[in-house]
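Novice: need coordinates for the below:
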Amino acid sequence: FFKTVRDICTDNGSLMIVDEVQTGMGRTGKWFGIDNFGVVPDIISMAKALGSGMPIGAIATTDELYGTLSPGTHGTTFGGNPLVTASASVTIDIMKEERLVENSYEMGAYWRDEISKIGSDEIVDVRGFGLITGIEMRTKANDFRKYCLENGVLVNVCHGNTVRLIPPLIIGKEHCDVLVGLMKDFLQ
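Specialist: I've put the predicted structure just below:
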């Protein structure tokens, strides 16, 4: 899909802009979600995770597009705040030092594999990239959400039947195993 969009944009002289506010900064096991598809957009927007809680938004562009911008043509109302910019810089440094993007890939693959091994007819599909995972259930997604909450684990349900998992990038196997254990217990 994304390669087709890229081709259409290129063929028509349009910019391909990708919103990575939720899927960027390592969430999908790559620095940006679009990296999972081998496509280079013209502009990537990012926020939230970039500042580790500090209010930030940013864009990245290709060198070619950046070269068309002259001073003052890409300003923002709150852009360039020194404290927030420093926070983003430190966030990136820590993510590199602690291998959080790699951890996202490894832990996401681990728990999708473990959940798939449960083998319940209630589980329709387990899908995702890195640490953004959806577990599609036949009928009991909301009941599982309540069960998790009663056991101290927060999960979300979207589209009525899909359990959405978006844990912090620092998650370890022991945390993944808690969720897998809850699902096994719930489905017995």
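
Novice: what about the closest residue in space to His175 that isn't next to it in sequence, neighbour count?
Specialist: Spatial nearest neighbour of His175, excluding adjacent residues (C-beta to C-beta, 6 or more residues apart in numbering): Pro167 at 6.9 Å. From N, CA and C alone the C-beta is placed, and that goes for glycine too. Residues contacting Pro167 under the criterion other C-beta atoms under 10 Å number 19.

Novice: for Pro167, give me the pLDDT.
Specialist: At Pro167, the model reports a pLDDT of 95.

Novice: look at it and give its secondary structure.
Specialist: coil (DSSP: H, G, I helix; E, B strand; the rest coil).

Novice: quick one: it and Leu131 touch, right?
Specialist: Yes: judged on C-beta atoms under 8 Å, Pro167 makes contact with Leu131 at a distance of 5.7 Å.

Novice: which neighbours do these two have in common?
Specialist: Met107 (C-beta atoms under 8 Å, 6 or more residues apart in numbering).

Novice: correct me if wrong: Asp121 contacts Arg138.
Specialist: Yes: the criterion here is C-beta under 8 Å, and Asp121 meets it with Arg138 at 7.2 Å.

Novice: counting neighbours, go ahead and name the busier of the two.
Specialist: Higher neighbour count among Asp121 and Arg138: Arg138, with 11 against 7, using other C-beta under 10 Å.

Novice: residue contacts, Ile17?
Specialist: With C-beta under 8 Å, 6+ apart, Ile17 has these contacts: Pro41, Asp42, Ile43, Ile44, Ser45.

Novice: ok, it to Asp121 distance?
Specialist: As for Ile17, its distance to Asp121 is 41 Å (criterion: C-beta to C-beta, to the nearest Å).
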